[in-house]
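In: 3D model of this:
(one chain, ligands or ions: 1)
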Amino acid sequence: MAKKRILLKIGSNTLTKETNHISRGKIEDIGMQIAALNDKYEFIIVSSGAIAAAKQFVKLESNGKEIIVKQALASIGQPHLMRIFHENFSDLGLLTSQCLLSYSDFEKEQSKVNIVNTINILVENNYIPIINENDTVATDEIQFGDNDKLAALTAVLLKVDLLIIATNTNAIYTKESIHNEIPETIPLVNDLQLLEKEIGDSKSSHGTGGMKSKIEASAIAKEANIETWIVNGLKDNFILDALKNNIPFTKIK
Ligand code: GLU
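Out: Numbers count the residues shown, from 1 in each chain. Here you go, the predicted model:
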């Protein structure tokens with residue numbers, strides 16, 4: 001039977017477990033789940049964390065050039081991020097590769113063909129492509145989104161079966177329950193317009209998207225009939241538990 005293809009998007013908040021360091025434990029947790037699901041699922045990862053990785057090693061003065069300094073930090077941090085993935089995943093027998101993409105690549109026919117061909121060969125050979133925005137040439141996701149939209153564009157282009165976006169809450173809560181301070185997860189969303197009314201403009205500490213960019217990403221996926229699951233990536237085993245319906249998370253159909 002053909003394997004199902006999952007695109008897993010991991011933001012900086014998940015990868016750092018909301019600290020100032022990339023969490024090797026979180027990367028290992030993700031790797032162990034991918035290894036456990038290897039028979040039935042193939043994974044493509046869209047990961048942020050380059051800037052967060054650089055900040056462990058260097059402090060650059062921004063002097064009003066905040067975005068440009070973030071681009072430079074992403075350049076410094078990306079190889080470290082990939083090294084940490086490689087070190088942890090290879091211990092689990094998983095192979096990793098790096099792909100850097102930007103929105104404009106999705107507007108050029110030849111680039112799209114090249115992306116699909118490259119990633120398909122990687123996956124056929126059991127490599128897990130780890131995608132990030134090419135922050136030297138683009139600043140879209142640094143400014144807003146933390147790779148949520150990039151993940152959705154990639155999910156559509158690669159015709160994945162499921163888009164999983166990791167976040168740092170138990171997915172999307174009802175407005176009323178937040179108001180009452182007992183957050184309750186919305187398990188299923190069919191109407192995104194109704195959902196948008198439930199969502200505020202929340203932003204996260206490391207990432208730049210908050211829930212808004214996740215909803216926008218899920219709308220892109222939905223257009224292509226791809227289901228999006230928003231899942232609390234801070235929890236151990238979040239992918240396995242979501243697949244077994246053992247944790248609260250939000251499905252956008
Ligand atoms: N591409 C950036 C990174 O990997 C995204 C930064 C962000 O907004 O968290 O660090």
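In: if you average pLDDT over stretch 74-87, what comes out?
Out: When pLDDT is averaged over stretch 74-87, the result is 98.
In: How about it and the ligand, any contact?
Out: Yes - shown here: stretch 74-87 in contact with the ligand (CB under 6 Å from any ligand atom) through Ala74. C-beta coordinates here come from the backbone N, C-alpha and C atoms, glycine included.
In: quick one: the strands in the stretch 151-253 of the chain?
Out: With DSSP state E, counting those that start in this stretch, the ranges of strands along the stretch 151-253 of the chain come out as 162-167, 188-189, 227-232, 250-252.
In: Please identify the most buried of these.
Out: Among these, the stretch with the highest mean neighbour count (mean count of other CB atoms under 10 Å) is strand 162-167, at a mean of 27.
In: Give me the helices and strands touching the longest helix along the chain, please.
Out: Counting residues, the longest helix found in the chain (DSSP state H) is helix 66-91. In terms of contacts (3 or more CB pairs under 8 Å, 6 or more residues apart in numbering; DSSP states H and E), helix 66-91 is packed against helix 24-36, helix 50-55, strand 95-101, strand 127-133, helix 140-143.
In: What confidence value was assigned to the residue nearest to Leu60 when sequence neighbours are not counted?
Out: Among residues not flanking Leu60 along the chain, Val69 sits closest, at 5.0 Å (CB to CB, 6 or more residues apart in numbering). pLDDT, Val69: 97.
In: So Val69 sits against Lys55, correct?
Out: No - if you go by CB atoms under 8 Å, Val69 and Lys55 don't touch, sitting 10.8 Å apart.
In: ok so, going back, between the strands of the stretch 151-253 of the chain, which one is nearest to His80?
Out: strand 162-167 (20.2 Å; CB to CB).
In: Quickly check: the closest one near the ligand or not.
Out: No - using CB under 6 Å from any ligand atom, we find that strand 162-167 stays clear of the ligand, coming within 12.8 Å at best.
In: partners of that strand, with directions?
Out: Next to strand 162-167 in the sheet, as set by DSSP bridges, lie strand 4-10 (parallel), strand 227-232 (parallel).
In: Just the mean pLDDT for the helix or strand where Ile45 lies, thanks.
Out: Taking DSSP states H and E as the definition, Ile45 sits inside strand 41-47. For strand 41-47, mean pLDDT is 98.
In: any residue of it up close to the ligand?
Out: No - shown here: strand 41-47 not in contact with the ligand (CB under 6 Å from any ligand atom), separated by at least 7.1 Å.
In: re earlier: could I get the strands paired with strand 162-167 as a markdown table with mean pLDDT?
Out: Shown next, in a markdown table, are the strands paired with strand 162-167 (pLDDT from 0 to 100):
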| stretch | mean pLDDT |
| --- | --- |
| strand 4-10 | 98 |
| strand 227-232 | 97 |
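In: I'd like to know how many residues surround the residue of the stretch 51-200 of the chain found nearest the ligand.
Out: Residue of the stretch 51-200 of the chain nearest the ligand, by CB to the nearest ligand atom: Ile51 (3.5 Å). Residues lying near Ile51 (other CB atoms under 10 Å) number 24.
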